[in-house]
Each structure stands twice: as C-alpha cells, then as structure tokens.
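**Q** for reference, the sequence and a predicted model appear below.
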Protein chains: 10
Amino acid sequence: MTRAEVTELVLCAKRLKGLTWKEIHEKVSVSTSPVVITAAMLGQMRLEPNEAAKAAELLDLPKEAEILLTEVPYRGSLPQVPPTDPLIYRFYELVQVYGTTWKELIQEEFGDGIMSAIDFDMTLERQPDQKGDRVKLAMSGKFLGYKRY
Amino acid sequence: MTRAEVTELVLCAKRLKGLTWKEIHEKVSVSTSPVVITAAMLGQMRLEPNEAAKAAELLDLPKEAEILLTEVPYRGSLPQVPPTDPLIYRFYELVQVYGTTWKELIQEEFGDGIMSAIDFDMTLERQPDQKGDRVKLAMSGKFLGYKRY
Amino acid sequence: MTRAEVTELVLCAKRLKGLTWKEIHEKVSVSTSPVVITAAMLGQMRLEPNEAAKAAELLDLPKEAEILLTEVPYRGSLPQVPPTDPLIYRFYELVQVYGTTWKELIQEEFGDGIMSAIDFDMTLERQPDQKGDRVKLAMSGKFLGYKRY
Amino acid sequence: MTRAEVTELVLCAKRLKGLTWKEIHEKVSVSTSPVVITAAMLGQMRLEPNEAAKAAELLDLPKEAEILLTEVPYRGSLPQVPPTDPLIYRFYELVQVYGTTWKELIQEEFGDGIMSAIDFDMTLERQPDQKGDRVKLAMSGKFLGYKRY
Amino acid sequence: MTRAEVTELVLCAKRLKGLTWKEIHEKVSVSTSPVVITAAMLGQMRLEPNEAAKAAELLDLPKEAEILLTEVPYRGSLPQVPPTDPLIYRFYELVQVYGTTWKELIQEEFGDGIMSAIDFDMTLERQPDQKGDRVKLAMSGKFLGYKRY
Amino acid sequence: MTRAEVTELVLCAKRLKGLTWKEIHEKVSVSTSPVVITAAMLGQMRLEPNEAAKAAELLDLPKEAEILLTEVPYRGSLPQVPPTDPLIYRFYELVQVYGTTWKELIQEEFGDGIMSAIDFDMTLERQPDQKGDRVKLAMSGKFLGYKRY
Amino acid sequence: MTRAEVTELVLCAKRLKGLTWKEIHEKVSVSTSPVVITAAMLGQMRLEPNEAAKAAELLDLPKEAEILLTEVPYRGSLPQVPPTDPLIYRFYELVQVYGTTWKELIQEEFGDGIMSAIDFDMTLERQPDQKGDRVKLAMSGKFLGYKRY
Amino acid sequence: MTRAEVTELVLCAKRLKGLTWKEIHEKVSVSTSPVVITAAMLGQMRLEPNEAAKAAELLDLPKEAEILLTEVPYRGSLPQVPPTDPLIYRFYELVQVYGTTWKELIQEEFGDGIMSAIDFDMTLERQPDQKGDRVKLAMSGKFLGYKRY
Amino acid sequence: MTRAEVTELVLCAKRLKGLTWKEIHEKVSVSTSPVVITAAMLGQMRLEPNEAAKAAELLDLPKEAEILLTEVPYRGSLPQVPPTDPLIYRFYELVQVYGTTWKELIQEEFGDGIMSAIDFDMTLERQPDQKGDRVKLAMSGKFLGYKRY
Amino acid sequence: MTRAEVTELVLCAKRLKGLTWKEIHEKVSVSTSPVVITAAMLGQMRLEPNEAAKAAELLDLPKEAEILLTEVPYRGSLPQVPPTDPLIYRFYELVQVYGTTWKELIQEEFGDGIMSAIDFDMTLERQPDQKGDRVKLAMSGKFLGYKRY
C-alpha cells in the first residue's frame, strides 16, 4: 500500500460517509489546526499515532493505512506543475507575479535569508465583504538568515 | 525601450542613490501599499501618471521609462520556474505541498470557485518572536464562484 | 473510485446505449447549458445532486459515481499540453497567435485587469454558410480590474 | 532587422505619440477589423502594402520595417507557454478546462473534423452588465471535415 | 474500454492470426486508402460502421471495440515527442530541418496561409532504384489562405 | 559572424532588393532544386563555392558570409518545438497523427529499417483543384535496412 | 501483450533460471553478435523466427511473446532522458561534451553527411590494463552523404 | 570575454585563413590526439599553456582568449538536447536505443560500476568499404566499480 | 517482478513489522555502511547474496525479490526532478547555488577533473548543537583527472 | 549593470591578473570561509561592505559592481539543469541516486523535518589517499522540524 492509495481510501470514505473536513478535523484532533489535519489526510503531513487511530476508526481504514498516516510522506500534492486546476493555479500565479517583490521586501526588512516553509503556520478563513466575501490566507514563517561561516 | 530595461534602470538608480523600497514608496505614493508600488517598480504592476512622474524624478528616469511605468506590463517576474532562488522557491514549495489542501478547504467553505488573484490585496510584515522573528504574509482575495449558465 | 474513472464509465455507457450529448443534456438539466452539462460529464464541472441522480439513472452509474459528479473536480481535461488532438490544438494555436492582441485590446477598452474564466459563459453553435458551415463560439467573461490597495 | 524589432519600434512609437490601437486601426485600414490590424502591428498578421505605408507614415517607421509589415510573419506571440501573464493565461485555462468538451460538442454537431484557425474571424467587444461589464469574444471558424481518401 | 485498449486488441489479433495491414485493408474497405484504414486501426482515424463491422469480424473484436472504431479518436499516436523510434524520428527531423524552407516556398507560391492537414491525403509506395529502393511519400493538402475580415 | 547572422543578412537583402526565392534559385544554381538552394540560404544546407559566390554577388554579402554558405551548418531551423507557426505546425501534426501508421506500412513493405532523411529528395508544387488548389509535397528517401552483424 | 511485457518476462526468466546474456546469446544465435541478441531480448531489435523459437524455448516464453520478438519494436530503451542511471548517463555525457567535435571531424574527413545509426555495428569488450581494466566500445557506421538533387 | 566568444573567434579565424582541424592540430600539439585538440578549440577541453600560445599565434587570438584556452571550461557543447543536428542526433539515438544493452553487457562482464567518461580516450577514423566507407569510432574508458563502504 | 515492486515490498514489511533502517542494517550487514544498505533496500545499490538472504528472511521477501536485491538496479530514486519533497529539494538547491563554486574550488586544488560519484563514500550523522542539532553529511569521492591522450 | 555582469568582470580580472580563489579569499576576508567568499564572487552570496571594498580594489571593479557585491543576489548558478558540466553533474547524480536514502535516514534520526540549506556551512578539502587523492566535502545544516500548529 502506498500513501497515494491511502489518500484515495480517505477520499472515498469521506464521500460515502458524507463527512466534511471540518468534521474529520474535529474527530481527529482539535488541538491541531484544520490545515495540518487536512494536509495529513491528503498525504502531505503526518499524524500522531493517536490521531491516526481516530482517523482510521472514523473512516474504516485498514491497519496499514493507519500506520502510513503516521509516516512522513514524500511531499508534493500536484499531479503536474503548473497546476491545471484554476483554484490552485491562482496561488502559482501569485508566485509568478509577486515573487521578486516578496524577495525585495523581505530582504529589505530582515536581511539575507528566507521565510521558512517548515517552521511555518497558516490560517485560512472567510472575510465577510459587501461586494462579495473574501478568502483570507495568513501565513507566518520563521525568518532564517543565511549563515556566514 | 522595454519594461525589462526600465526595471534595470530602476534597480541601478536605487543602488547608486542608496535608496530603499520604503523610501521609494514614500516618495511615490503613500496612499497605495508598498507591495503594489514595489511590484510596479519591478515591472509587475502599473503606476498612475502622477506616481510615475514622481518615480521618474526621484530616480532620474527618461521620459519613455516614465510612460512605460504607467502601462500594463506583461506580467511574470521569474526568469525560470521552478524559481532557483531559495527565498522565492519556498513560496513555490507551499503551493506544491498545500495546493490540494487549499482547494479542499476553500471549496468546503465557499463552494465551487476560486480565490481571485486580481481582486486581491496583501500585506507583508515582521512578527516579533522570541525564538526568532517571523515573516507574516496576509493575503485576501475575493471569492469568485463558478458561474452556472 | 476517481473522477477519471467516472468519466470512463460515462463514455462507456453513452457509447453502448447510443446516446448523444444532446440527449444526455436534455435528460439531466434543460435549464443549464449543454456546455456545462457536457463539461461536468467529462469531469470538468460539477452537477447539482438532482442532476447527478438523473445522470446516474440514465447511464446506470453506481452510487459513488453519482456523488463524485456533484463534487468539484480537479480541473484540467488534456492528457498533455500542447494538445496533440488537432481540433483542440487549433484553440491552443489561437492563444499562441492572438494572445498579445487580446491583451492589448482588452486593456485598451477596460483598463488593467482580465476577462474572468470563472464568472464566464459560452455558447457553441453552427453558423450556416454557403462556402461551408462555420463553428461559432461566443464567450463572455466578467471583466475583473486589478485591485489597487 | 527582424519582425520582433519592428514590433518594438511600433510599441515605442505608439507610446511616445500617445496613440491608441483604435486610432492606429482607423488610420491604417477601416475596412479591416481592428483585431487583424492590431495583430499585424504586433507581428502576427501581415498588412497590405498600402496599409503598411500608412502605418509607416503614422509611426515614422523606416522603409525596411514597412516592408516587413507586409511579409508573412513567423507566428507565435508568447514569450513562453504556459503564458505567465494572467490575462492571457485565462484563455489558456479555457483550453485546459473546456478542450475535451469543445471536441465532443463540435464533433457531435459536425462530424469528424476541426474548426479552422485560418479561415477564421473574431470580434471582441464590451458587454454592459449591471454586476460589472463583460468581455465578449465571438469566434467563427470554418468547419473542415477530415478528408476520406 | 478505451481506444488505446482497442489498438492493443487489434495488434494482438493481427499478430496471432498472422495478418498483414494489406490483408486487413482489403477485408475492411477497398475503396478507402490503406493509409486511412491502417491509421484507423491504430486509433488515429475513424471507420464507417460497415467497415468497423468487417474489422470486428476479421479480428474477433468485442462489440464495444467495434463501436469505438467508429468514434472520432483523441488523435496523437506517439508515446512521447521527440519520438524515440528512429523511423518516426526521421520525419520529425525533416520538420526540424526543412520547416522554414517549406514555409517560405509555400507562401511564395500561394500567399499567406497553410497546407491543410485535415483536407489532406497521402500515398506511400516503393520506388525501385538500382542503388537501393526508395520510400516515396506523396502528400497533398488543400491550401487554406488566412482570412481577412 | 555566425550562420544565423548570414541568414538574417540574406533575408534583409532579399527584402530590400525585392527578390523572390525563385529568382535567387535561378541566379544561384539551376541544376540544383529550389528546395535545396532555399534551405541553404536559410542555413540548413551548404552551397558549392561557385554557388555561394553567385549568391554573395546577388545579395551583396561580405566574404565571410560567402564562406559560411559553403560550410555545413548546425542544422535545426525552428526557434522552438512544437513550432508555434501554424504552417509549420501542420507538418509536425502529421508526424504526431501518422507517425505509427508510417512505421507500420513502411516496415510491412520493406522490413526493419528507416526512410533516410539524408539520401533524400523532395519536390513541392501547386496542384490545381476546382475546390481550391492544393499543396503537393513528394518526398523520396532511400530505404536503409537495419544491419545485422 | 506488449513488447515491454515481453522484456519483463525475459528478465524474470533469466533471473530465475540464473542465465547470463552470454549463455542466452550462445543458445539463440552464435552467428549474430551478442550486442544484437541482447538488444533484441531487451526490446530494441528483432529476432529471426528460428532465433525467437530458441529464445522462447530457453526462457519458457508463451507463443505471443515469441512472435513479438520477431516484430520490429518501437525503439527507445530509456524510461526518461537524460538517463538517471550513471552507467548510461556517461554515454549521454559523451554526446554532450564531444557532439560538436564529432561533427567537425567527421565532416572534415567525409564531407556533408552523417554516420548511419542503422547500417551500423558495434563491439564491446574488456581491455586489460594495469591501472585498471577498460571498457572498449568500437562503433562503425556507414557514412551517408547528404544528397544533392 | 567568455569561452563561447573564444570559440567564435576560433571558428572565424579558421574560416578566413582556410585552415582545417588537421592543420590546427599539427601546429598546436602533435603529441596529443586531434580529438582532444579540436574539442579544446571548441570549448570542451583545456590546452596546456604552450599549446594555447601556438594556437593564439596561428589564429591571431588576443591574450585573454589564449588564457581562456588554458582554463577548464564549463562543458556542454550542444545548444539544446535532443540535438537538432542530424549528425549529432545519431549518437544521441544510439544512447536511446542501446543504453540498456550497454548497461547489461558491461555489468555482466565487469560487475557493478560504470565506464568512465573522464579517464577516457577515443579515436575517429575512416574505414574503407566497398559498399561505402564507414566512420569508425573507438572509445575506451576505465571501468570504475561502485565502492562498497 | 520489478525492482520498484521489491522496494514497495520492503517498505510494506518494514512498516508492518515496525522495523527501523538501523535494525535492518544491523541484521543485514554490519560491515557495510547503513547508507549503502538503506540505499540497496530502496533500489539504488545491490546487496551481496548472503546479505540479500538475510534481508529476505527478515522481511519475508519471496525468492525473486531476494535475487533482485543482488542485481545492479537502474539507478534514479526520484519520481521527478526537481524533487517536490522539501527535504530532498534542499540538496538539489545546494547544487543550484554552490555548483559553480564547487567547480572552481575543486579545479583550483586538483586540476581538470571531477569528484567521482562511483568511487565514493558518505556518512550521515547527528551533530549536537545548543542552537538546535545539525545534520552532518560528509562525502568523499576519488578525484579523477581528465585523461590526456 | 547586473550581477551576472559583475561575475564576468570578476572572472576576467582574476584571469588577467593571474589570481587564484585562494589569493582572492585571503585578500578579501580571512575570517570567512573560502567557500562563502568564492560563492559571493560568483554571484551566489553577498559580501560585507568592507569585503566588497577590498574585492573591488583587488580586481579594479567599478563602484556599481562593488555595491552589487553587497546586495543579496538572485541565487542559482547553473545555466541549465541537469547541469551539462561533468563535475557539477556528479553532485546532481548524488541527489538522484541517494535522495530517498537521505530522506529515510535523516527522518529516522531526527523526525519530520529537513536539513537547512540556509543555516548551513560546508568545507571542501583534499584527502590524501594512496590509490589517488580524494575530494572531501563536509556539509552541516541545522535540522528544522516541521512545525505543528
């Protein structure tokens, strides 16, 4: 069994049981963010053993799938890049358009280094707006300065 | 003269005059965000004519460059994709790792559609933290639902 | 079961039952355009639950396929790009040849922004012509101006 | 001198003289569509000698540029594909998402063949709409049936 | 069942029955060229229903395969491009080497336009020659002039 | 000076002197085919020294360009593949669609081997036709059997 | 059954029977080179019917595999290019580094043309050497001059 | 000055002085193989200082070019891969077709390891043959066994 | 059975038996480095027959898998390049950023040649550090000088 | 002036003055590693202002080049990937072959996370060895654990 097969089992069980990601998150781990839990169910993060046990019970997953959910996955969620799906492409487009702007502004503020994508967290929420609600995505990553040695 | 040449003129003048993006922003347009102004100076957004005039004066740009700064650019700031620069690559990596998670969570909350990258705004700031300051990037894009017709 | 497998089931049932897309459209949803319904059957749009129920009955699809037809798909219909199929390639060629022309003319008329591919509709029809009938494709997408912030 | 250099000369003169594509079209050839004339000025179509003469006079182009405008260009307007510019990318996305739908519907209506991108015409106009004006693009291409031999 | 699976069934039956393409052509449709019939059997053209019936009988194909042979295929016969097979690569090489020459000579003779690959026919034959027989490939495609509108 | 620069000099002189490929061919070498001479002028074949001398005189080329025309070029005439120009793309499409058909039919007739693209010749002519004239391209390449050793 | 499946059957039988390529070559055809026989067993050349019969007997291959071994394969042995396997990559590297040198030296000696990869043979042997034995690869291909016509 | 510019200077001087690679080799270093010297002149190997001095004198190269000829180049001689030039492509094709065969036969003879492309030499010569002379290329590379540690 | 299938069997058995790579290494071969043994279990190196026998016993692998573990694999461990997994990408990034620096410094110290990736060994260990432990990777490869011949 | 032009100026001055990287390092900054200083001179790291001043004096660089050496560069040192240069390719090959092994062993030792390529240092030295000296490369990067949030 591969991690991709676990993802398919998860999606299939979620569909047939009529569950939402919100419900899965609540059943699996309230202390952890829904982004992390959803990413883990989709094969991009790992669960703690007790979380995996709850997920396996909720979704009737076999034992090997449960263990796989606790393993570090080979990350990369897109079937090809650039992503063909419009929702995901828009994020890719932001990197295309604002990439050099982010580089200039982060370096001017922090010096030579990067925003970590590992020591990193993120929230995703609805922002009510009269002209049409907005998606609000807030990211926060530790600044890592290039080491001089 | 091409827009890429204007970007080179801008970077050269900024360097020799010892200016920062913050200073350029303050001289060119306080009412607009520093992200937009910096992106325009880097060839990814357009300036209003009065802003372009101020930018041209500040950076000693020729008339054609000033006009070019008011034109809509052919967007795309990266010399190649995946970006080889580590700071920019980390954002690309976020799309690779979280792309499908964003899709699932946005669709569960909003229905079928996308977060606009056009009716979109963003802030970038320093988040003080004892274990090391963090880069905070907050994005907000209008949700656009797929039209049924 | 994946969405690609649903598409194969649809094509197989359509073939063996001798149905046309027109007939499928009429059975599934007259109020919605045939373009949308066909795109949904091919895995690029979603159906409403009642439409999916009718489609499943017409094509003898299993329950999971019926649910999958109501889910938002991971969009992208082409096995590779540039498309090798001549009919589809001609549209790709139009983008190659007229891309910059569309950009110039839309921006001259509307300002900085894009034609939405989400708040978008389209009709496809036969245009009788003595020298040979023509394919007429009319697209209409909301203009979205780049937000200044 | 290459055709790409002519395009740069055209864009430069248009910018410095403050001309619009509409004005250029009106001066160069009212009988032909603005799409064709703009595409020619951007290096994707050819002009008739009398049109090229008017264009050269209007934009102060040298003789070789005038002749080049009457030559058939090596077509292809995009610096890379997928196009990084959001306005142009949306058209590319339409091909990605609707490609197989167009193929199915055109073939069901016309039989085996393609919509010509050569014996082809197009209009682009503003469609007023209370919720925000729309871009309307109408394409018409001769249907060409696959020859049996 | 997919068209690719039909092609495999055809190749398997041809192999086990010891048939040649010439024999298959003669049994399926003498009035149509062997190039068209072979291309159809390989998933690149469609057969008429009576031809598909004969092919299915000759090769013991199931009913769904017979119907699939009458459908317009998603064209594109090569597993990857550039083709790795030397025989097919040589044709690709001709396009690489003579592409611009063909463009110049066809345009000089016919004006702006293309040779159709749809309203197109072709013969392939042995040309006896003392220094070694030659492959003769004669192609004829309708000239399509770019429409002015 | 590079061969690409010679090609530009040739195209520039041809344009300013108002010459056709036919006229260039007649002045440079009647005994050789116009396809070969045009291909050489475009940097894909070599000329004999006396032909290069005539070409240099006709087009006012400098001595180094004349010598370069007699050198074997680094072949490959297309700026990128797949070719973006529609006229050239149609030939590429023929390889995509008919590649495996050519392989099967040539091998059935000749055995294991290829059609040479080196010991090769070609003619290109107008084929009058009531429904619209056709482009006729006849190719002939020596069959080369795979050597058994 | 496809040729790739035959290759897998061959590798599996060779492994379980503990055979070497040398032993397979000796059993299948002493008159032909081990390079050709091994290449055929790996799906890149064809065997004569009597050779295929011997191979099928030695390796317990089914009848269809035996016939497939006599068919001309779709050539191309590498799962991707550049090859990831270091042994094969070194040959690819030789083409990268010495490609233009080979072109210059072959053309200086022979004139305009190529070394055939079809009318071609090759030997591979161990060259004893005190500093470590060497792999000796000797290739010989017929020179084919570009035809003038 | 870059190494690529040195290569252009070399090719230009060779052309205008009417030199052959054989003559350049004889003047620059008889003790070293013509393959090495030609590769160095084309930017793929380095010359010893005394060889570079002779080359610079023979070809009237400036001092910086002479020094550059003694530097280790950034290797890679092909403008793109797969190579578009037919002579060079045939070698690339040999890797495509025989890659896995070479791997199997070298490993069977030598064990796990590679043929070095660094501790490597090569000769290129004409092999007279009644049916047409042949190009003979003999390569010899040290076998390097994978180290166990 | 292919080597990729063996890797899957290994990973599955390791998971269900709750083994670590360290334990597998200790059971299979203490005299060889854990890097080599792990790489072999992942399909990138080969085992000696006695090691393979121990591995097969430990992991309940079938006989064919045991033999496959002793065969030289077709190397290349990444599903695509650039690698999407962040841990592996960081190594790829080091090559991107430091590639030319390594080239300059190795060549200045050793002359023209390379660091072998075949006669090569490596250790990977934890380096305790107050600010956070570090990963220490020490590589050692034989210097191979370019042969002059 | 761009950073790439600074790199060319540096290489040119180094060549004409006959300097080594070791000498440049000693003149520019003994307290910092030669790897960092060389990488900065090659456009991949930044120098402190006093270091840049010394470098500019040593190499006669203009003022703008001196400032550019203190700016954070757009990192990425390779003209294309996979790198065509054999020395650099070997490192790329190590990633290809050992990528998944590194991932497994680092994760087993440290948990879910990566080795930083930013908080990172490296030494490169000669390792004397009777069978031929070896290149020793020791890397050390901080382990960064994936943040749970």
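**A** Looks like it came in fine. Numbers count the residues shown, from 1 in each chain, chains lettered A, B, ... in the order given.

**Q** phi, psi for the residue most central in space within chain A please.
**A** For chain A, A:Ala39 is the residue whose C-alpha lies nearest the centre (CA atoms, centre = their mean; 3.9 Å). Backbone geometry at A:Ala39, expressed as degrees, to the nearest 10, gives phi -60, psi -40.

**Q** quick check: which element contains A:Glu57?
**A** Using DSSP states H and E, the element containing A:Glu57 is helix A:49-59.

**Q** rewinding a little: so the residue nearest to the centre of chain A touches B:Gln96, yeah?
**A** No - A:Ala39 is beyond contact range of B:Gln96, at 11.8 Å (criterion: CB atoms under 8 Å). Where you see a C-beta, it was placed from the backbone N, CA and C, and this is true even at glycine.

**Q** okay, and the common contacts of these two?
**A** Among the neighbours of A:Ala39, none is also in contact with B:Gln96 (CB atoms under 8 Å, 6 or more residues apart in numbering or on different chains).

**Q** name the helices or strands packed onto the strand ranked longest in chain A?
**A** Counting by DSSP state E, the longest strand found in chain A is strand A:113-127. Strand A:113-127 sits against helix A:34-41, helix A:86-110, strand A:134-145, helix B:86-110, strand B:134-145, strand J:113-127, strand J:134-145, with contacts defined as 3 or more CB pairs under 8 Å, 6 or more residues apart in numbering or on different chains; DSSP states H and E.

**Q** still on that earlier bit, the residue nearest to the centre of chain A and chain J, how far apart?
**A** Here the criterion is CB to the nearest CB, to the nearest Å. By it, A:Ala39 lies 10 Å from chain J.

**Q** for that residue, report the pLDDT, please.
**A** Looking at A:Ala39, its pLDDT reads 98.

**Q** ok, it - contacts?
**A** Shown in contact with A:Ala39 (CB under 8 Å, 6+ apart): A:45, B:97-98, B:101.

**Q** what's the local residue count around the nearest residue to A:Leu144 once chain neighbours are set aside?
**A** Using CB to CB, 6 or more residues apart in numbering or on different chains and skipping the chain neighbours, the partner closest in space to A:Leu144 is J:Ile118 (4.6 Å). Neighbour count of J:Ile118, defined by other CB atoms under 10 Å in any protein chain shown: 21.

**Q** on that earlier part again, the longest strand of chain A: partners in the sheet, and parallel or antiparallel?
**A** strand A:134-145 (antiparallel) (DSSP bridges).

**Q** show me what counts as buried in the strand it pairs with.
**A** Applying a neighbour-count criterion of 16 or more other CB atoms under 10 Å in any protein chain shown, the buried positions in strand A:134-145 are A:134-137, A:139-144.

**Q** that one versus helix A:86-110: what angle between them?
**A** Angle of strand A:134-145 versus helix A:86-110, following axes from the mean of the first three to the mean of the last three CA atoms, to 10 degrees, is 40 degrees.

**Q** strand A:134-145 versus helix A:34-41: what angle between them?
**A** 80 degrees.

**Q** ok, A:Leu16 - how many residues close by?
**A** Residues lying near A:Leu16 (other CB under 10 Å) number 14.

**Q** residue contacts, the closest residue to it other than its chain neighbours?
**A** Spatially, and ignoring its direct neighbours in sequence, A:Leu16 is nearest to C:Glu64 (6.5 Å; CB to CB, 6+ apart). Applying CB under 8 Å, 6+ apart, we find C:Glu64 in contact with A:12, A:15-16, C:1.

**Q** is it true that A:Ala65 touches A:Leu47?
**A** No - at 11.1 Å, A:Ala65 and A:Leu47 do not qualify as touching, with contact defined as CB under 8 Å.

**Q** what about the closest residue to A:Ala56 other than its chain neighbours, which SS state?
**A** Setting aside the residues directly before and after it, A:Ala56 is nearest to A:Glu66 in space (CB to CB, 6+ apart), at 3.8 Å. Look at A:Glu66: counting by DSSP: H, G, I helix; E, B strand; the rest coil, its state is helix.

**Q** what about A:Glu66, neighbour count?
**A** A:Glu66: 20 surrounding residues under other CB under 10 Å.

**Q** pretty sure it sits against A:Ala55.
**A** Yes - under the criterion of CB under 8 Å, A:Glu66 makes contact with A:Ala55 at 7.4 Å.

**Q** do you know how far A:His25 is from G:Gly132?
**A** Distance, A:His25 to G:Gly132, by CB to CB, to the nearest Å: 61 Å.

**Q** that older thread, need the max-distance pair from the contacts of C:Glu64.
**A** A:Leu16 and C:Met1 (9.8 Å; CB to CB).

**Q** for the closest residue to A:Ser29 other than its chain neighbours, give me its contacts.
**A** Of all residues beyond its chain neighbours, the one nearest A:Ser29 is A:Glu51 (4.8 Å), with distances taken as CB to CB, 6+ apart. The contact partners of A:Glu51, by CB under 8 Å, 6+ apart, come to A:28-29, A:32, A:37, A:40, A:69.
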